[in-house]
Each structure stands twice: as C-alpha cells, then as structure tokens.
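Mind looking at a prediction? Sequence and model below.
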Amino acid sequence: MSHTLSTFPVAEAPAIEALYRAHHSWLLGRLKRRLSNSADAEDVTAETFVQVVEQGSTSDIREPKAFLTTIAKRVLFHLWRRQDLERAYLQTLMHQPEAASLSVEESALLVEAITQIDRALDTLPLPVKTAFLYSRLDGLSYPEIAKLLGVSLATVERHMKRALLHCLTASL
C-alpha cells in the first residue's frame, strides 16, 4: 500500500529516520561510484528513501543494505530507461523539419507522456505490447500485425483494446 504524508503512520518515522541516518551516506557513495553524474546519484538516493517511506513499515527489514540496494536498482533502471527514451526522442527531433520543432516546455511534457506510456506498456504481456507498438510506432494495419504475430485479426483487436484501455487507466 502506498502512503502519502497525510496517511503515513507517525510511529514509523523514527525507524525510517534511523534507517536514513545509518545508510544514506553509504548508498549515496555507492551510487556516486556507479554513476558518472553526482546529481543522478543524489536523485536516485532520494527517490530510494521516498519509496521506503511509501512502503510504510520498516520493521520487517532484516538486511537494510540489501533492501536499499534492491530499491535503488529499480529506481536506477527507471532513470536509465527514461534517459534512453529522451535520447531516442531527441534523435527523432533532429530529423524533423524546424517547423515541427517544439518548445522546451512542450518537449518536456512529451517526454513525460512517453515515459508514462512506456511504464504502462511495460506491465502488459509481450504480445499485447508488441501489437500496440506495431500499430502506433510502425503504422501497421491490424491485418499486417496479425500476420506478423501469427494470430487472428480478432486477437489483434483484443490486444489493441487492452493496450489502449490500459494506457488510459494507467494515466488516471
């Protein structure tokens, strides 16, 4: 269950503070050695502890360093994935005519939207995700997708409906 600051159990605050004090420097140092950018290391460290707070209870943590490492790896994976998406987006922009260029704010919003869609699609089964990407990125028709995937047209239609509904509900 995810906690907000208003629903966070106050009794957990001392335990989380103790975990933070005991392991923040260690985790930050480890991430600084792994990453070339200190700001990214600080962001990943902060996000790791935010996720600890959101998890709520720290009473069942037996190996704090292993626990924090697992969360930090997940946060790092999402950071790298977002950076890959941003690079791909910027590379695509380089091939667009200037008239199609976006403002910095529009670009940031678009990258955020792409990241949210990517996260939503990541939770779908591979055939559903593949059908969606063939349709939206490659512009293939449903019959072409069915042939590529070796499934019926009805299956492609179900996959597309599922992916679209999932993207819509994931963004709410």
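Thanks, I have the structure now.

This protein: helices as residue ranges?
13-34, 38-55, 64-94, 104-122, 126-136, 142-149, 153-170 (DSSP state H).

now what about the worst-scoring helix or strand of the chain on mean pLDDT, what contacts it?
Ranking every helix and strand in the chain by mean pLDDT, DSSP states H and E puts helix 104-122 at the bottom, with a mean of 81. Contacts to helix 104-122, defined as CB atoms under 8 Å, 6 or more residues apart in numbering, come from residues 78, 81-82, 85-86, 89, 93, 102, 129, 132-133, 163, 166-167, 170-171. To be clear about C-beta, it is placed using only N, CA and C from the backbone, and glycine gets the same treatment.

Format the helices of the chain as JSON lines; extra columns: mean neighbour count.
Below are the helices of the chain laid out as JSON lines (neighbours: other CB atoms under 10 Å):
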{"stretch": "helix 13-34", "mean neighbour count": "14"}
{"stretch": "helix 38-55", "mean neighbour count": "17"}
{"stretch": "helix 64-94", "mean neighbour count": "14"}
{"stretch": "helix 104-122", "mean neighbour count": "13"}
{"stretch": "helix 126-136", "mean neighbour count": "18"}
{"stretch": "helix 142-149", "mean neighbour count": "16"}
{"stretch": "helix 153-170", "mean neighbour count": "16"}
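
rewinding a little: and the least confident helix or strand of the chain, how far out from the chain middle?
Chain-centre distance of helix 104-122: 10 Å, with CA atoms, centre = their mean, to the nearest Å.

now that helix against helix 153-170, angle please.
Interaxial angle of helix 104-122 relative to helix 153-170 (axes from the mean of the first three to the mean of the last three CA atoms, to 10 degrees): 120 degrees.

Tell me what angle helix 104-122 forms with helix 126-136.
Here the directions of helix 104-122 and helix 126-136 differ by 140 degrees (the same axes, to 10 degrees).

returning to that earlier point: least confident of the helices of the chain, on average?
Note on these: helix 104-122 shows the lowest mean pLDDT, a mean of 81.
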